[in-house]
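Peer 1: please find the sequence and the predicted model below.
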Amino acid sequence: MQFQAEVGVLDHVDGSSQFVSQDTKVVCSVTGPIEPKARQELPTQLALEIIIRPAKGVATTREKLLEDKLRAVLTPIINRYCYPRQLCQITCQILESGEDESEFSQRELSCCINAAFLALVDAGIAMNSMCASIPIAIMKDSNEIIDNPSAEQLKTSLSVHTLALEFIDGGKVVKNVLLLDSNGDFNEDQLFNILELGEQKCQGLVKNLRKIIQDEISPRLAA
Amino acid sequence: MSTFIFPGDALPVDPTVPIKLGPGIYCDPNSQEVRPVNTGILHVSTKGKSGAQAVYIDYSSKRYVPSVNDFVIGTITGTFSDSYKVLLQNFSSSVSLSYMAFPNASKKNRPTLQVGDLVYARVCTAEKELEAEIECVDSATGRDAGFGLLEDGMIIDVNLNFTRQLLFNKDFPLLKVLAAHTKFEIAIGLNGKIWVKCDELSNTLGCYRTILECCQKNDVATFKDVAKRQFEEVVSVKEE
């Protein structure tokens, strides 16, 4: 397994998780559904407050952009009509970025997506489907497509991509592409190859996530 | 029959029989598709009189969403001209408790609860678009049903599935284990709050520590030992 994940790591929030992949480490907390401030309230659905805190320093426009992408992934998978006029706070604290922060954010983003999904499951928020995300890179000389590239591999890549897929029916069926965020030089064929490889890898990831969740949650329900 | 299920999975139910949706199951109003929305153990029951199959998910969570007929413990946080504002959990939307939802209530006979008081009550309406309402009276008969002000004692915050077990599972041994050590009063709120009160403060503390540890471990077999150790610890501290 290329990653370690844990759910229920924090006591004072409704749901939490920690997701570690290579040198990237993210802890995520979820609180909700709670009472929103008047300006956050949506009349028919759950409002989301998404915060990403960087490994060092204060949050900048870079983190705001990550928050926006994370929101785009989480909005369709949360069943927001179950909780009208409520608020859900999702906070991701990056503990170790595991990449050159000034150049890249792919590793952090995919870890945040996976961590947020696990924390939402832990909090018991209603969701429509499952999701999994991986970073992908195309290498400079060999044109090889590799999943989960390391910080070094990112630096020598031609293009970098973050892929997040939505799964239903026991993690076997891909319902939708939630996010495909690409940066660098690449052509159409390469992009299709990325989607193909990404589908395989995300499917494997979702299978592992299911196992981790089941191992953690079923003893809680046993009596 | 029970299986572990995830959001978006296919429901393993007979599609020809009508389905009654319980907690954790959602019917999409657009596609009319019935899907699980929570992660936990799926229960399918066909024992009901109507012949329909009742489907629900037993899932773990800490945040309470009001639903009708639940017993809850709340804190009075405000008073209005005809109702109290009650908080069921920190940061959750508050619910309302009407002055008329008490035994022997009339326009002249006002209840005497104050801000900060704890009440044991039943959820009487819980529309998700509206503020939920609770009552301290059995509204079917209009008589006292054991609800109302909880004086003194201590509140324990636990997760929601633990309180469900404690309230509904007749074989759950915790109350018997506690009873072997002390005499106590208890109120179990499905919003993840348990209130206990004993004659002696030290016994209340023993109950508090036992319940909290049992909830964290959630291993029925160890309840007896946990209670014994906690009560002994409390007594030894008292002697010092």
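Peer 2: Nice, I can see it. Numbering: from 1, shown residues only, chains lettered A, B, ... in the order given.
Peer 1: which non-adjacent residue is nearest the closest residue to chain B within chain A?
Peer 2: Residue of chain A nearest chain B, by CB to the nearest CB: residue A:124 (2.9 Å). Yep, even glycine has a C-beta here, placed from its N, CA and C like the rest. Nearest non-adjacent residue to residue A:124, counting by CB to CB, 6 or more residues apart in numbering or on different chains: residue B:61, 2.9 Å away.
Peer 1: which ones are touching that neighbour?
Peer 2: Contacts for residue B:61 (CB atoms under 8 Å, 6 or more residues apart in numbering or on different chains) come out as A:14, A:15, A:123, A:124, B:159, B:160, B:161.
Peer 1: is stretch B:203-213 anywhere near chain A?
Peer 2: No. Between stretch B:203-213 and chain A, judged by CB under 8 Å from any CB of the partner chain, nothing touches; the nearest distance is 11.5 Å.
Peer 1: dihedrals phi and psi, the residue of chain A closest to chain B?
Peer 2: phi 80, psi 30 (degrees, to the nearest 10).
Peer 1: next, count neighbours for it.
Peer 2: Look at residue A:124: counted by other CB atoms under 10 Å in any protein chain shown, it has 28 neighbours.
Peer 1: hmm, back to that, the residue nearest to residue A:124 in helix, strand or coil?
Peer 2: What DSSP: H, G, I helix; E, B strand; the rest coil gives for residue B:61 is coil.
Peer 1: and which of the contacts of residue B:61 is nearest residue A:4?
Peer 2: Comparing these against residue A:4 with CB to CB picks out residue A:15 as the nearest, at 18.1 Å.
Peer 1: residue A:124 is in contact with that closest one, correct?
Peer 2: Yes. Residue A:15 lies in contact with residue A:124 (CB atoms under 8 Å); the separation is 7.0 Å.
Peer 1: which residues are in contact with each of these two?
Peer 2: With CB under 8 Å, 6+ apart, residue A:15 and residue A:124 have common neighbours B:61, B:62.
Peer 1: one step back: any of the contacts of residue B:61 buried? List them.
Peer 2: Among these, those that count as buried by neighbour count (16 or more other CB atoms under 10 Å in any protein chain shown) are A:14, A:15, A:123, A:124, B:159, B:160, B:161.
Peer 1: and the helices in the chain, which stretches?
Peer 2: Going with chain A. A:61-77, A:106-123, A:151-155, A:188-221 (DSSP state H).
Peer 1: actually, chain B is the one I wanted.
Peer 2: So, for chain B - with DSSP H - the helices run B:160-168, B:174-179, B:201-217, B:223-239.
Peer 1: flag every residue of chain B that's near chain A.
Peer 2: Residues of chain B lying near chain A (CB under 8 Å from any CB): B:4, B:6-10, B:24, B:26, B:35, B:37-41, B:58-63, B:65, B:91-94, B:128-129, B:159, B:161, B:165, B:169, B:172, B:218, B:220.
Peer 1: buried ones among those residues?
Peer 2: The neighbour count (16+ other CB under 10 Å) marks B:4, B:6-9, B:24, B:26, B:35, B:37-41, B:58-63, B:65, B:92-94, B:159, B:161, B:165, B:172, B:218, B:220 as buried among the residues of chain B next to chain A.
Peer 1: in strands only, show me those.
Peer 2: Using DSSP state E, B:4, B:26, B:35, B:40, B:41, B:58, B:59 are the members of those that sit in strands.
Peer 1: right, and the first one touches residue A:216 too?
Peer 2: No. Residue B:4 lies out of contact with residue A:216 (CB under 8 Å); the separation is 11.3 Å.
Peer 1: so which residue of chain B comes closest to chain A?
Peer 2: For chain B, CB to the nearest CB, closest residue to chain A: residue B:61, 2.9 Å.
Peer 1: what stretches of chain A score poorly on pLDDT?
Peer 2: A:1, A:223 (pLDDT under 70).
Peer 1: contact partners for the residue nearest the centre of chain B?
Peer 2: Closest to where the C-alpha atoms of chain B average out (CA atoms, centre = their mean) is residue B:190, at 0.6 Å. Residue B:190 sits next to B:64, B:70, B:71, B:72, B:160, B:163, B:164, B:167 when contact means CB under 8 Å, 6+ apart.
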